[in-house]
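I would like to see how this sequence folds:
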Amino acid sequence: MDARINICGYSRAECERLVVDLGYKPFHGRQLYKWMYKYLVFDFDRMTDLKKDLRSTLQERCIIALPRQAAREKSRDGAEKFLFELTDGKAIESVLIPDESSGRTTLCVSSQSGCPLGCIFCATGQLGFGRNLTAGEIIGQVMAVRRQYGAEAFDNLVFMGMGEPMLNYDNVMVAIEMLTNSLGLMVGAKRITVSTVGIIPGIRRLAASGSKVNLAVSLNAASDNLRRELMPVTKAYPLNKLMAAVREWTSVRTRRVTFEYIIFRGLNDSREDALELADLVKGIPCKINLLAYNPIGGTGLERPEDEDVDRFARILYPRTPAVTVRKSRGGDIAAACGQLAGKKGYSCLETG
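Now for the predicted structure:
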């Protein structure tokens with residue numbers, strides 16, 4: 001086992017402290033940070049503006065190691081899924097999703113290994129919960145994709161992979177600071193979206209943080225009774241309190257929130273459901289993304305017909321300010337988060 005310290009995930013301040021502890025000036029830490037994140041150079045000997053003896057010491061004591069890519073699959077529609085294995089054997093997934101209509105590509109990253117929330121339609125929930133990811137494991141996904149495809153690999157980044165970002169808030173926010181740092185990965189904050197099932201304390205913390213990232217909230221039902229069936233978290237955070245927190249975020253951020261609504265055949269797809277949803281979000285600056293359910297085994301839930309999704313959208317608009325029907329991507333490669341890990345035999349549960 002390599003005894004060297006893995007510094008992937010070190011912040012700029014941590015890089016500066018590292019080189020100062022080795023007897024060098026803080027600016028060498030900034031140089032190290034830039035080589036690691038902006039240029040994706042992991043061989044210290046190639047960091048040519050660092051002093052030779054510093055490079056030698058770093059080579060002896062440190063390593064820059066990304067999560068190991070355990071599998072990669074590409075869909076006929078262009079979506080590409082990456083399965084990464086962490087040092088403790090836990091699995092996480094990332095997905096590149098191209099959008100032909102906009103010409104943009106989105107990278108979806110994980111914030112936890114597995115998920116503790118148990119939404120009944122979610123493949124990740126079936127894997128159980130392992131642990132929160134470190135900031136290094138979060139940005140390691142981004143670095144791995146960029147190392148493979150370059151700086152133009154994606155346009156937008158979303159925390160919609162495995163796990164609930166608001167339950168790993170501190171590490172997610174550290175990762176966002178590193179993602180947006182001008183010396184490093186340089187992803188614009190307005191290109192980053194944090195998606196939540198509705199963890200109210202996290203939404204309020206994000207509103208108070210001053211961060212310019214976007215917020216998406218997974219609704220999937222406009223009544224507490226139905227939403228509790230789909231998403232048990234509703235018991236702790238009912239819709240009236242969730243909507244109050246969202247209003248707070250939009251007021252502070254002065255930007256639209258995105259509501260995600262997965263449509264299930266015969267469950268939440270009626271005219272009454274659409275009208276109830278329009279009433280729920282009334283007065284909130286928002287856009288609504290509609291998505292047909294991408295079936296996974298063992299749920300009993302069914303995918304609606306495309307025309308039913310379009311009909312639902314027509315009822316919503318113009319009652320709500322903006323409605324988008326999003327296509328499910330990567331169905332032939334099990335692109336829903338958790339499916340590839342399950343297929344490859346991974347569990348996220350703690351063992352031992």
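
from here on, just use CA atoms for contacts and neighbour counts.
Fine.

quick one, strands of the stretch 1-150 of the chain?
5-6, 62-63, 68-74, 80-85, 91-99, 104-108, 112-114, 129-132 (DSSP state E, counting those that start in this stretch).

in TSV, list the ones you listed along with mean pLDDT, mean neighbour count and distance to Arg146.
Converted to TSV, the strands of the stretch 1-150 of the chain look like this (pLDDT from 0 to 100; neighbours: other C-alpha atoms under 10 Å; distance: least, C-alpha to C-alpha, whole Å):
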stretch	mean pLDDT	mean neighbour count	distance to Arg146
strand 5-6	96	14	19
strand 62-63	97	17	19
strand 68-74	94	16	13
strand 80-85	96	22	12
strand 91-99	94	25	11
strand 104-108	96	20	10
strand 112-114	95	30	21
strand 129-132	94	20	23
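
okay, the ones you listed in JSON lines with distance to Lys212 next?
Below are these laid out as JSON lines (distance: least, C-alpha to C-alpha, whole Å):
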{"stretch": "strand 5-6", "distance to Lys212": "30"}
{"stretch": "strand 62-63", "distance to Lys212": "32"}
{"stretch": "strand 68-74", "distance to Lys212": "31"}
{"stretch": "strand 80-85", "distance to Lys212": "27"}
{"stretch": "strand 91-99", "distance to Lys212": "23"}
{"stretch": "strand 104-108", "distance to Lys212": "18"}
{"stretch": "strand 112-114", "distance to Lys212": "22"}
{"stretch": "strand 129-132", "distance to Lys212": "23"}
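
got the contact list for the nearest residue to Lys212 once chain neighbours are set aside?
Spatial nearest neighbour of Lys212, excluding adjacent residues (C-alpha to C-alpha, 6 or more residues apart in numbering): Ala189 at 5.5 Å. Ala189 is in contact with 176, 180, 211-214, counting by C-alpha atoms under 8 Å, 6 or more residues apart in numbering.

hmm, try it at 7 Å
Residues counted as contacts of Ala189 (C-alpha atoms under 7 Å, 6 or more residues apart in numbering) are 180, 212-213.

picking that back up, which stretch among the strands of the stretch 1-150 of the chain approaches Leu267 most closely?
Comparison of those against Leu267 by C-alpha to C-alpha identifies strand 112-114 as nearest, at 26.0 Å.

so what touches that closest one?
By C-alpha under 7 Å, 6+ apart, the residues outside strand 112-114 that reach it are 90-92, 124-125, 127-133, 162-164, 348.

which one of those is nearest Thr258?
Checking the contacts of strand 112-114 against Thr258 by C-alpha to C-alpha gives Glu164 as the nearest, at 16.1 Å.

what is the burial count for that closest one?
The local packing of Glu164 (other C-alpha atoms under 10 Å) involves 25 other residues.

can you check Asn156 too?
For Asn156, the neighbour count with other C-alpha under 10 Å is 19.

bridging across strands, which residues link to it?
Legend: beta-bridge partners of Asn156 under DSSP bridges are Thr106.

pull the contacting residues for it.
Counting by C-alpha under 7 Å, 6+ apart, the residues that Asn156 touches are 105-107, 191-192.

so for it, what's the pLDDT?
At Asn156, the model reports a pLDDT of 97.

now stretch 253-268 - C-alpha only, CSV.
Taking C-alpha atoms only, stretch 253-268 is exported to CSV below (Å, rounded to 0.1, in the frame of the first residue of the first chain):
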residue,chain,number,x,y,z
ARG,A,253,-30.4,34.8,-4.7
THR,A,254,-32.7,36.7,-7.1
ARG,A,255,-32.6,33.8,-9.5
ARG,A,256,-35.1,31.2,-10.5
VAL,A,257,-35.2,27.8,-8.8
THR,A,258,-35.6,24.7,-10.9
PHE,A,259,-38.3,22.1,-9.9
GLU,A,260,-37.7,18.6,-11.1
TYR,A,261,-40.8,16.5,-11.6
ILE,A,262,-40.6,12.9,-12.7
ILE,A,263,-43.8,11.6,-14.2
PHE,A,264,-45.0,8.1,-13.3
ARG,A,265,-47.8,6.5,-15.3
GLY,A,266,-51.1,6.6,-13.6
LEU,A,267,-49.7,8.1,-10.4
ASN,A,268,-48.9,11.8,-10.7
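
contact partners of that stretch?
Contacts for stretch 253-268 (C-alpha under 7 Å, 6+ apart): 207, 215-221, 250, 269, 285-293, 301-304.

could you measure from Gly266 over to Glu276?
Distance, Gly266 to Glu276, using C-alpha to C-alpha, to the nearest Å: 16 Å.

more crowded one of those two?
Per other C-alpha under 10 Å, whichever of Gly266 and Glu276 has more neighbours is Glu276, with 16 against 12.

would you double-check that the more buried one falls in a strand?
No - Glu276 is assigned helix when assessed by DSSP: H, G, I helix; E, B strand; the rest coil, not a strand.

that one contacts Asn220, doesn't it?
No - counting by C-alpha atoms under 7 Å, Glu276 does not reach Asn220; the two are 11.7 Å apart.

how about Arg204, nearest residue that isn't a chain neighbour?
Among residues not flanking Arg204 along the chain, Ala245 sits closest, at 6.3 Å (C-alpha to C-alpha, 6+ apart).

burial measure for that neighbour, as a count.
Ala245 has 20 neighbours, counted by other C-alpha under 10 Å.

tell me which element Asn240 falls in.
Per DSSP states H and E, Asn240 falls inside helix 239-253.
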